[in-house]
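S.K.: My questions are about this predicted structure, shown below with the sequence.
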Amino acid sequence: MGILEKISEIEKEIARTQKNKATEYHLGLLKAKLAKYRAQILEGPKNSGQKGEGFDVMKSGDARVALIGFPSVGKSTLLSTLTSTTSEAASYEFTTLTCIPGVIQHNGANIQLLDLPGIIEGAAAGKGRGRQVIAVGRTADMVVMMLDALKGDVQKELLTKELEAVGIRLNKKPPNIYYKEKKGGGISITATCTLTKISEKMIQLILHEYKIFNADIVFREDYGEDALIDVIVGNRKYMPCLYVYNKIDQISIEEVDRIARQPHCVVISCNMLLNLDHFKDSMWKYLALITVYTKKPGKKPDFEDGLILRSGSTVEHACHAIHRTLVANFKYGQVWGLSAKYNGQHVGLSHKLCHEDVLLVTKK
Ligand SMILES: Nc1nc2c(ncn2[C@@H]2O[C@H](COP(=O)(O)OP(=O)(O)OP(=O)(O)O)[C@@H](O)[C@H]2O)c(=O)[nH]1
Ligand SMILES: [K+]
Ligand SMILES: [Mg+2]
């Protein structure tokens with residue numbers, strides 16, 4: 001039996017197995033097996049050169065956003081509308097066959113938007129160009145999942161499943177589980193809270209399935225087997241995701257209102273240019289970028305041309321963004337704004353900056 005058949009067998013078995021006390025361990029093991037086979041698929045045949053022509057796009061700008069969605073939801077139309085790049089759009093499916101990059105300028109940042117071929121059910125298992133699309137998706141800072149407002153909820157579920165299957169976790173935090181493999185000493189399991197979703201026996205079983213016999217594990221929150229498997233397998237990608245429902249010109253205002261109220265959702269119409277500014281603002285928020293303004297001694301801050309940094313960036317990151325050699329010549333910094341305890345606070349390289357701070361660097 002090939003891996004794909006094995007995966008499909010296990011999926012079927014999981015689907016027909018009722019979840020109760022008696023089947024709990026069986027189900028946990030099935031999930032562990034499934035994750036293992038999926039990992040094998042992703043590693044793929046080494047000779048297949050799966051990267052794929054037309055998918056190797058250079059990173060550029062301050063952040064990268066991948067447009068992922070079923071065929072003909074309007075991905076290319078969005079790219080052509082928001083950037084100066086034109087990506088062919090048409091009413092038939094699979095119009096786009098490669099990765100087309102464009103740049104959105106917003107709040108002073110250059111955001112690289114990647115238009116990609118539509119993906120379909122089974123993409124994770126290698127159908128269509130799914131694997132290439134997903135590989136590009138993993139290189140992005142966030143996913144924009146584009147959905148057709150007429151069939152959005154189903155599409156959203158299916159796509160989320162496909163991405164889950166290849167280890168992409170949308171709008172989720174990594175499980176707060178400490179895990180370290182060791183050379184010997186057996187398995188030590190501790191928890192800083194009561195575990196209601198997994199038993200010690202289940203943890204042991206899953207570890208054994210992965211042939212792990214020596215490890216320290218600390219559950220810091222109440223998780224089930226999925227979280228444990230994620231931690232053991234590693235290589236999960238946690239990404240912010242905005243669900244963008246396009247073609248709202250085709251649905252009732254009540255339906256628009258219902259969708260717009262769901263978490264992480266934005267409604268737009270590319271054709272009618274509806275709500276596109278709100279979409280860009282939301283994307284900016286999800287990317288968690290900050291702007292830091294620089295200032296020279298005795299001069300006003302340069303509010304025209306801020307540095308675009310990732311949230312959580314330090315003075316050191318800012319220095320790198322200003323000039324390659326600045327860190328080596330750094331004496332001290334001074335900060336005005338939210339991150340400063342008082343105006344002009346003296347700070348070192350490790351000081352964390354906030355959005356719209358002003359920074360003055362004094363060199364040695
Ligand atoms: N009614 C309506 N149609 C739209 C809208 N945006 C795009 N379309 C239409 O949807 C069809 C598909 O658009 P594309 O941009 O090619 O979609 P895609 O997601 O890039 O498709 P593939 O590259 O084939 O995956 C085209 O006929 C567009 O004109 C919209 O806001 N409203
Ligand atoms: K299309
Ligand atoms: Mg397209």
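M.R.: Okay, I see it. Ligands and ions are numbered 1, 2, ... in the order given.
S.K.: quick one: the residue located most distally from the centre of the chain and residue 360, what's the gap?
M.R.: Going by Cα atoms, centre = their mean, the residue of the chain most distant from its centre is residue 298, 42.1 Å out. Separation of residue 298 from residue 360 (Cβ to Cβ, to the nearest Å) stands at 10 Å. In this view, the C-beta of every residue, glycine as well, is placed from N, C-alpha and C.
S.K.: One more: residue 27?
M.R.: With distances taken as Cβ to Cβ, residue 27 is found 59 Å from residue 360.
S.K.: ok, now residue 79?
M.R.: Per Cβ to Cβ, residue 79 is found 39 Å from residue 360.
S.K.: Least confident secondary structure element in the protein?
M.R.: Taking mean pLDDT, DSSP states H and E as the measure, helix 24-43 is the helix or strand of the chain with the lowest mean score, a mean of 81.
S.K.: quick one: what helix or strand has the residue lying closest to residue 33 once chain neighbours are set aside in it?
M.R.: Leaving aside its sequence neighbours, residue 33 sits nearest to residue 10 (Cβ to Cβ, 6 or more residues apart in numbering; 5.8 Å). Using DSSP states H and E, the element containing residue 10 is helix 3-16.
S.K.: my guess is residue 110 is in a strand, correct?
M.R.: Yes - assignment of residue 110 by DSSP: H, G, I helix; E, B strand; the rest coil places it within a strand.
S.K.: which stretches of this protein have low pLDDT?
M.R.: 41-53, 126 (pLDDT under 70).
S.K.: Can you pull the residues of it lying near ligand 3?
M.R.: Residues of the chain that fall close to ligand 3, judged by Cβ under 5 Å from the ion: 75-76, 95-96.
S.K.: Identify, from those, the entry nearest to ligand 2.
M.R.: residue 95 (3.6 Å; Cβ to the ion).
S.K.: Provide a list of residues in contact with the most centrally placed residue in the chain.
M.R.: Taking Cα atoms, centre = their mean, the centroid of the chain lies closest to residue 239, which sits 1.7 Å from it. Applying Cβ atoms under 8 Å, 6 or more residues apart in numbering to residue 239 gives the contacts 140-143, 168-171.
S.K.: Out of these, who's the most crowded?
M.R.: Counting neighbours by other Cβ atoms under 10 Å, residue 143 comes out on top of those with 25 neighbours.
S.K.: Let me know how buried the closest residue to ligand 3 within the stretch 251-364 of the chain is, in neighbour terms.
M.R.: Residue of the stretch 251-364 of the chain nearest ligand 3, by Cβ to the ion: residue 270 (11.4 Å). Using other Cβ under 10 Å, the number of residues around residue 270 comes to 25.
S.K.: nearest spatial neighbour of residue 303, skipping sequence neighbours?
M.R.: Residue 303's closest residue in space is residue 293 (Cβ to Cβ, 6+ apart), at 5.6 Å.
S.K.: Show me what counts as buried in the strand or helix carrying that neighbour.
M.R.: Per DSSP H and E: residue 293 is located in strand 289-294. Buried residues in strand 289-294, counting neighbours by 16 or more other Cβ atoms under 10 Å, are found at 289-294.
S.K.: mind checking the end-to-end distance for stretch 246-254?
M.R.: End-to-end distance for stretch 246-254, by Cα to Cα, to the nearest Å: 15 Å.
S.K.: buried stuff in stretch 222-232?
M.R.: Quick answer for stretch 222-232 (16+ other Cβ under 10 Å): 223, 225-232.
S.K.: and which of these is nearest to residue 182?
M.R.: Taking Cβ to Cβ as the measure, residue 182 sits nearest to residue 232 out of these, at 13.7 Å.
S.K.: For the closest one, grab phi and psi.
M.R.: For residue 232, the backbone dihedrals are phi -70, psi -50 (criterion: degrees, to the nearest 10).
S.K.: Residue 237 too?
M.R.: When read as degrees, to the nearest 10, the backbone of residue 237 gives phi -110, psi 120.
S.K.: Was I right to think it contacts residue 164?
M.R.: No - using Cβ atoms under 8 Å, residue 237 is not in contact with residue 164; the gap is 10.9 Å.
S.K.: count of residues packed around the residue nearest to residue 33?
M.R.: By other Cβ under 10 Å, the residues close to residue 10 number 18.
S.K.: That one and residue 30 touch, don't they?
M.R.: Yes - between residue 10 and residue 30 there is a contact under Cβ under 8 Å: 5.4 Å.
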